[in-house]
Each structure stands twice: as C-alpha cells, then as structure tokens.
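> quick one, fold the following:
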Amino acid sequence: MGKFAKWIGGGLGFVFGGPIGGLLGFFIGSVVDGTSVSWQQTGGDRRVYRTTPGDFGMSLLVLVAAVMKADGKVLKSELDYVKRFFISQFGPETAQEALQMLRDLLKQDIPLRDVCMQIRRNMDYPSRLQLIHILYNISAADNRFETAETNVIRSIADMLGITSTDYESIRNMFVPATDASYRILEVERSATDEELKAAYRKMALKYHPDKVSHLGEDFRKTAEEKFKAVNQAWEKIKKERNIV
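Modelled structure (predicted):
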C-alpha cells in the first residue's frame, strides 16, 4: 500500500474510529505513520472539525462497496466499470489502490446504518451531497440503473440526513423524471420566471465546486460535474421559456 496515495495523503480523521475504521483497519494501519489527525473537543466527544480528503475517500469506498453488494452479487464487469471511473476521475495510481481496498470491503459485512451515522455525525453537508452524487455517477457507469442499487443509494441519502429535495435534485441528474430540469433546481414547473432565477442562484451556490474545495482537486473535479448539471438544467428552462 503506497502511503502517499492522494486520498490518504490528504489526511485521515474520523475514519480512524468507529465502523469505518474497523472495516478499513488493515489499510489504515498500514499508513498511520504517514498521516496527521486534527481533533476538536465537542462536549464529551472528540470530533473532527473538518472533512479531509482521506475521510471522504475512505467513506466513499465503503459506501460504493455497500451499493455494489446491494443485489447480492458482484460481477467482474461492475468492478471494471468502477475501475474505469476511478481512473478517469483520480488517475491510475490512486485507482489501483482504491480497487485493492474495495475488493477487501466487498468480502466483508458492512454495517451500513452505523457507517452512515458515523459519516453524518462527522462530515459536513456539502461533502455528504457529493457522496450521493458520486454514488449515482458510479451506478450510471454501465448505462443502466439496478433497482436494488438505487434503493440502497436512497437509503444511504436518508441515513446521511440528505433532504428529499436535494436527493431528487441529484437523482434527476442521472435518472431524469418528468420535469427533470425543474427538479434539479428544486422547483415546480408552475414557478414564475423570477422564482426560477432565484432557484438557479440558490442551487448554483449550493453546488458550487468551492463548497468542497477542502476535499482537494480530485473530488473538486467530480463536484464540477454537479455544478455543470445545474447550469444545463437552467439553460434548458431558459430556452423553453424564452427567459433573458
């Protein structure tokens, strides 16, 4: 395990403990001497004050494994899709190490609720939104959506404390429903032009890549896709309504 991999090199915090630390114990232990952990005191608990790239990357891998195991089988083709996604987003070196960890996770029983509660307690909301976006992105890699997978992603979103409107916004970026562009902006088709403009400004701010800049350039790249989807939805609505 190369301890200078991008994610781990970004530092590990809350994933050292709890169910995530238990699932990734071997890998975390192999890099512990190359990381630094920052804590702040919150009441009687120790909590990480900021989501690090390492925390985010390790949490993502655990959740990806849970989604892949949703239908009770993991196909080689699924691993190949995930590998290609990781390579395209993070480069071959980080992708190789991520796949090594993922294969180990796929052999384990994942206490999904406990994992999600650990993430929810310690990770900021924009980063949790980004987790859901990436899970859908990976699920879409084979150009089809398995019901079992999407159901698990929905459950994960609920347990992470993602609002239903935010979840539907992200879902419609990948699985367009009726009025998908409006759903992405979290408004009804009956909204006025002024309400739409306000909704676009709100969503552009919420999904701006700067919201997750603390996760590093690798994960900022995936955030730019979400931001682009908001802009595309707005441009489509503007064209439909002749909004200037």
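
> residues contacting the helix of greatest length in the chain, please?
When the chain is parsed with DSSP state H, its longest helix is helix 217-241. With contact meaning C-beta atoms under 8 Å, 6 or more residues apart in numbering, helix 217-241 is reached by 6-7, 53, 56-57, 89-91, 94, 129-130, 133-134, 137, 170, 173, 180-182, 184-185, 193, 196, 200, 203-204, 207-209, 211-213, 215, 243-244. For every residue, glycine as well, the C-beta is placed using N, CA and C.

> what does stretch 119-126 give?
13-14, 20, 47-48, 50-51, 55-56, 59, 128, 131, 159-161, 206, 211-212.

> in that stretch, which residues are buried?
For stretch 119-126, the neighbour count (16 or more other C-beta atoms under 10 Å) marks 119, 122-124, 126 as buried.

> could you do stretch 216-232 as well?
Within stretch 216-232, the residues that count as buried by 16+ other C-beta under 10 Å are 216, 218-220, 222-223, 226-227, 229-230.

> among those residues, which has the minimum pLDDT value?
Least confident entry in these, by pLDDT: residue 218, with 75.

> tell me which stretches of this protein form strands.
For the chain, the strands defined by DSSP state E cover 40-42, 45-47.

> least reliable of the ones you listed going by mean pLDDT?
Among the strands of the chain, strand 40-42 carries the lowest mean pLDDT (a mean of 35).

> now residue 191: closest residue in space that isn't a chain neighbour?
Counting by C-beta to C-beta, 6 or more residues apart in numbering, the nearest residue to residue 191 once its immediate chain neighbours are dropped is residue 199, at 6.8 Å.

> and what of residue 157?
Among residues not flanking residue 157 along the chain, residue 167 sits closest, at 4.5 Å (C-beta to C-beta, 6+ apart).

> hmm, residue 132 and that neighbour touching each other?
Yes. Here residue 167 reaches residue 132: they are 6.7 Å apart, a contact under C-beta atoms under 8 Å.

> shared neighbours, the two?
residue 157.

> neighbour count winner among these two?
More neighbours surround residue 132 than the other of residue 167 and residue 132, with 22 against 19 (other C-beta atoms under 10 Å).
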